[in-house]
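Novice: Need coordinates for the following:
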Amino acid sequence: MKELDGNKMLLSLGPTQNTLDCTMDHLARRSIRYHRQNIGPRAREIQRNERRTYPDIQKQLRNVYPVESREILRVIGLLIARMLAPETRGLAARWSRSLHGAVPLGTFGPWLVRNRCGLLRVDGGWKVRSIVTALQKTYARGYDFGPVIAFDEAIIPTHATQQDNTYQKTRKGGAKFFSACCEEAAYCIRIELYVGTNTNISTSTPADNSPGAAAVMQSLNTLLQPSPKSSFRLVVTDSFYTSVVLALDLHSQHVWSGWFL
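Specialist: Numbers count the residues shown, from 1 in each chain. A predicted model of the protein is given here:
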């Protein structure tokens, strides 16, 4: 608070510098932690298109330098710059060495290496990841579900300009997630946040690579530990999840699948 002209007061509003520093440090630690937790899935994904061995790819991913808070701020600044001057070829074109229209060569190169920017932007749901984790633990502790599990999509309403439209929902726009519920009591057992196709590399994706099928398999692998001696259960879904490949994957885990229109 500062005094102006003896009478008027000017208030300094907003977060303190200490709060901003702590926030950036927390984001940096979470980013490198997320990277290290997904070294195995990322190495397998890279190995599909390269001739290097799996141990060599893992070694390369482990040798990544820790994320610093200043890099988080640079990524935010670069995203703001991209918003002011859009590029139709995508964010990676900002590091391009070839001239394309009026975009200069290597615009973002002096500020941040392209691979580092990709590392910090790999998790599209980082803003709500801790909230979703807390909800998963709460739902799992609060209810013992029966032999029938129902899957469906749901929407958390929002006023944001970028929204996921879901068919036949009361709210047409918002944050989309897949919910697993008890068929008898309609109690939500587990939710999977939708952050884009093939975005969450930690998801155990079935042979059917659609996001709905991936959400079903991820939830079942968490709720029901695969065992050849476990009793059969029934999964009920709508036509969005209709897939023969998904049905075969479910049957291999002692789960029958049923659909309704």
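
Novice: Break down the stretch 51-200 of the chain into its helices, ranges please.
Specialist: 54-62, 69-84, 114-120, 129-142 (DSSP state H, counting those that start in this stretch).

Novice: So which elements touch the second one?
Specialist: Contact analysis of helix 69-84 by 3 or more CB pairs under 8 Å, 6 or more residues apart in numbering; DSSP states H and E lists helix 17-37, helix 114-120 as its packing neighbours. Backbone N, C-alpha and C define where each C-beta goes, glycine included.

Novice: same thing with the first one?
Specialist: Of the remaining helices and strands, those touching helix 54-62 by 3+ CB pairs under 8 Å, 6+ apart are helix 39-47.

Novice: what pLDDT, on average, does the helix it packs on get?
Specialist: Helix 39-47 shows a mean pLDDT of 80.

Novice: Would you single out the least confident of the helices and strands packed on helix 69-84?
Specialist: helix 114-120 (a mean of 65).

Novice: Now residue 215. Its backbone dihedrals?
Specialist: Main-chain torsions, residue 215, degrees, to the nearest 10: phi -70, psi -40.

Novice: Okay, and the beta partners of the nearest residue to it once chain neighbours are set aside?
Specialist: Among residues not flanking residue 215 along the chain, residue 178 sits closest, at 3.7 Å (CB to CB, 6 or more residues apart in numbering). Taking DSSP bridges as the rule, residue 178 bridges to residue 153, residue 192.

Novice: do the same with the one 4 residues further on
Specialist: Taking DSSP bridges as the rule, residue 182 bridges to residue 149.

Novice: and what of residue 233?
Specialist: Bridge pairing for residue 233 - DSSP bridges - gives residue 255.

Novice: how close does residue 250 get to residue 148?
Specialist: 13 Å (CB to CB, to the nearest Å).

Novice: Find the residues that touch each one of those two.
Specialist: residue 235 (CB atoms under 8 Å, 6 or more residues apart in numbering).

Novice: Who has more neighbours out of those two?
Specialist: For residue 250 versus residue 148, neighbours defined as other CB atoms under 10 Å are more numerous around residue 250 (22 against 15).

Novice: Would you check that my belief about residue 235 contacting residue 250 is correct?
Specialist: Yes - contact criterion CB atoms under 8 Å: residue 235 and residue 250 qualify, at 6.1 Å.

Novice: Single out the most deeply packed of the helices of the stretch 51-200 of the chain.
Specialist: helix 114-120 (a mean of 16; mean count of other CB atoms under 10 Å).

Novice: where's the spatially closest residue to residue 246 that is not a sequence neighbour, which helix or strand?
Specialist: The shortest distance from residue 246 to any non-neighbouring residue, by CB to CB, 6+ apart, is to residue 213 (4.5 Å). Residue 213 is part of helix 211-223 when elements are defined by DSSP states H and E.

Novice: Check which residues of that helix are buried.
Specialist: Buried residues in helix 211-223, defined by neighbour count with 16 or more other CB atoms under 10 Å: 211-220.

Novice: how about these in a markdown table, adding pLDDT and distance to residue 95?
Specialist: Listed next are those as a markdown table, based on pLDDT from 0 to 100; distance: CB to CB, whole Å:
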| residue | pLDDT | distance to residue 95 |
| --- | --- | --- |
| 211 | 64 | 29 |
| 212 | 66 | 34 |
| 213 | 72 | 34 |
| 214 | 72 | 30 |
| 215 | 73 | 33 |
| 216 | 77 | 37 |
| 217 | 76 | 35 |
| 218 | 74 | 33 |
| 219 | 75 | 38 |
| 220 | 75 | 40 |
